[in-house]
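1. Return atomic coordinates for the entry below.
(2 chains)
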Amino acid sequence: MATPSSTRLLDQVMAETPGGETLIGCLQCGTCGGSCPSASDMDSTPRRLFAMLMADMDEDVLTSNTPWFCVSCYYCTVRCPQDIPITDLMYTLKQKAIQAGHYHQDAHAPFSESFIGYVEQYGRSFEFGLATRFQLVHHPLATVRKGGLGFQMLRKGRLHMTPQKIKNMPQLSAILSKAKQLAGQEV
Amino acid sequence: MTDRELTYTYYPGCSLKSAAYAYEDSTQVVSKSLGIRLNEIDDWNCCGATEYFSVNQLPAYSLVARNLSLAHSQYGGADVVAPCSACFLNLRKTNDYMRKYKNLNAQVGQALGAGGLSYTPGSVRVRHLLDVVVEDVGFDAVKEKVVKPLEGLKVAPYYGCLIVRPETGYNTEYPTHLDELMTTLGAEVVDFPMKTHCCGGHMTQISEETAYELIRRILKNATDYGAQAIVTLCPMCQLNLDAYQSEVNKMFGTDYHIPVLFFTQLMGIAFGLNEADLGFGAEVVPAGPALATIGHPAEQTRQRPKRRDKNALPMPGSNGADES
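-> I've put the predicted structure just below:
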């Protein structure tokens, strides 16, 4: 969260993740990758990605698909013998990849950004808008194929066609703007 | 226990107001029946799910901290209860991290200050609804309420990830509190090895191959162990296992048709509450056949009455909200 003074990606990632400095104690034991339910879809296991980060292979780290296949289940985190917050480090690595512009071919970052867009506009998530607009842009064929499912969810009242907006949106916007400013982002 | 009222601050989260309304409905009536009073935080906002944290951490912590601040200013130090595992994790994690990491605390404090709010980490405690039922109400008091035991119903208690990870006091790989609750209701619990495995979370929207394989493993395991229903405590787990079950069947050539219900729905059934008040019929894979095995009439699929929110807005136009 602090503004990193080092130009080393490793140092930046550790500084920008609460508790991230523990990464330096990584034993390369592989428990993280062995526990990960989506490791088979990753081009590097978390263990290997951390080794690459420590070897300053920044480009390889930032273009890896590993953080994007993290399902946020925290299995690695609870099993890590060094108490490294691996899931949180994956979040920081996603942020770094976005900042470096390494996500264009991937639908993961736009999905998160669509979600965030609704939260920043209304204060709450908007599943119908997210599911339809995001899917139509990024997975048009799947959207058509899954239209029946969407219809069923609508019929059962499980999708609202209109977003819900919180009352004090200006307050939330002020908080988020300040947080972005503190994180060194453009507001 | 039932002679005194247990009072909590309630954080429903976005899912309980839409896709998981069955969880919200059943939570409300079961809580009332157990003497649990839930005071909903006025004007709460989204917890950020995994999405906000994934790509923008400081705003995400600040987003969550607004809820903690509102909870404390509106209801003092009463425990905050979240039935959604993702909301529970984000609220608890923000509370813990603000206490643990001074720099984070200072920055989140400054962000809150820009909205005229403040929050001292730890001034409220964050709990999951299941924890409240198990720890504060207790199995004895739950058992007293059971008038229609779920005898003959084989259930697979599915915890998912976020209620037990990271450290929440329960065994992170082999929790048993939901198992014990189901046994208390009279159900037969199957010892289901996948009970804390991940359902894929948001992956259904991003990579079907990844998500459907994770869902398939859980459906297969519960079915192999003879469960007639999966019982869960997380709206995302319910959505993934229920709504995508037919997609999984298409992808893998399987034929799973196992209902996925919230633990509060089964509590309501065992307490003899009106099925119509427990959100039955919202599930995509019908619960009727499973419930019929324990003598319940097949549910009537009902149309959800339109609950138009007074704050609801028309569909957003091309306003740049998601032009990424």
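2. Strands along the stretch 151-300 of chain B, start to end?
-> All strands of the stretch 151-300 of chain B, identified by DSSP state E, counting those that start in this stretch, fall at B:154-158, B:188-189, B:229-232, B:260-262.
3. Adding mean pLDDT and distance to chain A, write the ones you listed out as JSON lines.
-> For every residue, glycine as well, the C-beta is placed using N, CA and C. Formatted as JSON lines, those follow (pLDDT from 0 to 100; distance: least, Cβ to the nearest Cβ, whole Å):
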{"stretch": "strand B:154-158", "mean pLDDT": "98", "distance to chain A": "13"}
{"stretch": "strand B:188-189", "mean pLDDT": "98", "distance to chain A": "23"}
{"stretch": "strand B:229-232", "mean pLDDT": "98", "distance to chain A": "15"}
{"stretch": "strand B:260-262", "mean pLDDT": "98", "distance to chain A": "13"}
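4. dump the residue contacts of residue 19.
-> Assuming you mean chain A. A:I84, A:P85, A:D88, B:Y97, B:K100, B:Y101 (Cβ atoms under 8 Å, 6 or more residues apart in numbering or on different chains).
5. Oops, wrong one, chain B.
-> A:E127, A:M153, A:R158, A:L159, B:P235, B:L239.
6. Out of these, name the ones that lie in helices.
-> Of these, the ones assigned to helices by DSSP state H are A:E127, A:M153, B:P235, B:L239.
7. what about the nearest residue to the last one once chain neighbours are set aside, helix or strand, and which?
-> Of all residues not flanking B:L239 in the chain, B:A19 sits nearest, at 5.6 Å (Cβ to Cβ, 6 or more residues apart in numbering or on different chains). Using DSSP states H and E, B:A19 maps to neither a helix nor a strand.
8. Any figure for the gap between B:A19 and B:A282?
-> With distances taken as Cβ to Cβ, to the nearest Å, B:A19 is found 9 Å from B:A282.
9. what touches both of the two?
-> By Cβ under 8 Å, 6+ apart, the residues touching both B:A19 and B:A282 are A:R158.
10. chain center to stretch B:259-271, what's the gap?
-> Centre-to-centre, stretch B:259-271 and its host chain are 13 Å apart (Cα atoms, centre = their mean, to the nearest Å).
11. Extract the CA atoms of it and return them as CSV.
-> This file holds the C-alpha atoms of stretch B:259-271, laid out as CSV (Å, rounded to 0.1, in the frame of the first residue of the first chain):
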residue,chain,number,x,y,z
PRO,B,259,-30.7,-29.8,-5.6
VAL,B,260,-28.5,-27.2,-3.9
LEU,B,261,-30.2,-25.6,-0.9
PHE,B,262,-29.3,-23.1,1.8
PHE,B,263,-28.9,-24.5,5.3
THR,B,264,-31.5,-22.0,6.5
GLN,B,265,-34.1,-23.5,4.0
LEU,B,266,-33.6,-26.9,5.6
MET,B,267,-33.8,-25.4,9.1
GLY,B,268,-37.1,-23.8,8.1
ILE,B,269,-38.5,-27.2,6.9
ALA,B,270,-37.4,-28.9,10.1
PHE,B,271,-39.0,-26.1,12.1
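12. Please, where are all the helices along chain A?
-> Taking DSSP H as the criterion, chain A contains helices spanning A:9-16, A:31-35, A:46-54, A:58-63, A:75-79, A:86-99, A:108-122, A:127-129, A:135-138, A:140-145, A:147-155, A:169-182.
13. pLDDT weak spots in the chain?
-> Because you didn't say which chain, this covers chain A. Residues of chain A that meet the criterion pLDDT under 70 lie in A:1-5, A:104-107, A:131-136, A:140-145, A:186-187.
14. try chain B instead
-> Within chain B, the segments meeting pLDDT under 70 span B:1-4, B:297-324.
15. in chain A, what residue sits furthest out from the centroid?
-> Distance to the chain centre peaks in chain A at A:R155, reaching 31.3 Å (criterion: Cα atoms, centre = their mean).
16. In chain A, which residue sits nearest chain B?
-> Chain B sits closest to A:G157 of chain A, with a gap of 2.5 Å, by Cβ to the nearest Cβ.
17. how about that residue, phi and psi?
-> In terms of degrees, to the nearest 10, the main-chain angles of A:G157 are phi 80, psi 20.
18. burial count for A:D56?
-> For A:D56, the count of nearby residues is 12 (other Cβ atoms under 10 Å in any protein chain shown).
19. likewise the one 10 residues further on?
-> If you count neighbours by other Cβ under 10 Å, A:T66 ends up with 24.
20. can you pull the contacts of it?
-> A:T66 neighbours (Cβ under 8 Å, 6+ apart): A:M42, A:D43, A:S44, A:T45, A:P46, A:L49, A:M90, A:L93.
21. again, only using 10 Å
-> A:33, A:36, A:38-39, A:41-46, A:48-50, A:52, A:90, A:93-94 (Cβ atoms under 10 Å, 6 or more residues apart in numbering or on different chains).
22. can I assume the residue of chain A closest to chain B is in contact with B:A20?
-> No: here A:G157 lies out of contact with B:A20, judged by Cβ atoms under 10 Å, at a distance of 11.2 Å.
23. For these two, work out which one has more neighbours and name it.
-> Comparing A:G157 with B:A20 by neighbour count (other Cβ under 10 Å), the higher total belongs to B:A20, at 26 against 20.
24. Relative to chain A, how far out is the more buried one?
-> The gap separating B:A20 from chain A is 8 Å, by Cβ to the nearest Cβ, to the nearest Å.
25. so who does that residue touch?
-> Applying Cβ under 10 Å, 6+ apart to B:A20 gives the contacts A:158, B:12-14, B:26-27, B:83-84, B:234-236, B:238-239, B:262, B:279, B:282.
26. nearest residue to residue 82 other than its sequence neighbours?
-> Reading this off chain A. Spatial nearest neighbour of A:Q82, excluding adjacent residues (Cβ to Cβ, 6+ apart): A:G25 at 4.6 Å.
27. my bad, the chain I had in mind was chain B
-> B:A82 sits nearest to B:F88 (Cβ to Cβ, 6+ apart), 4.2 Å away.
28. what's the angle from the helix or strand containing the one you found to helix A:86-99?
-> Here B:F88 sits within helix B:85-100, counting by DSSP H and E. Relative orientation of helix B:85-100 and helix A:86-99, computed by axes from the mean of the first three to the mean of the last three Cα atoms, to 10 degrees: 90 degrees.
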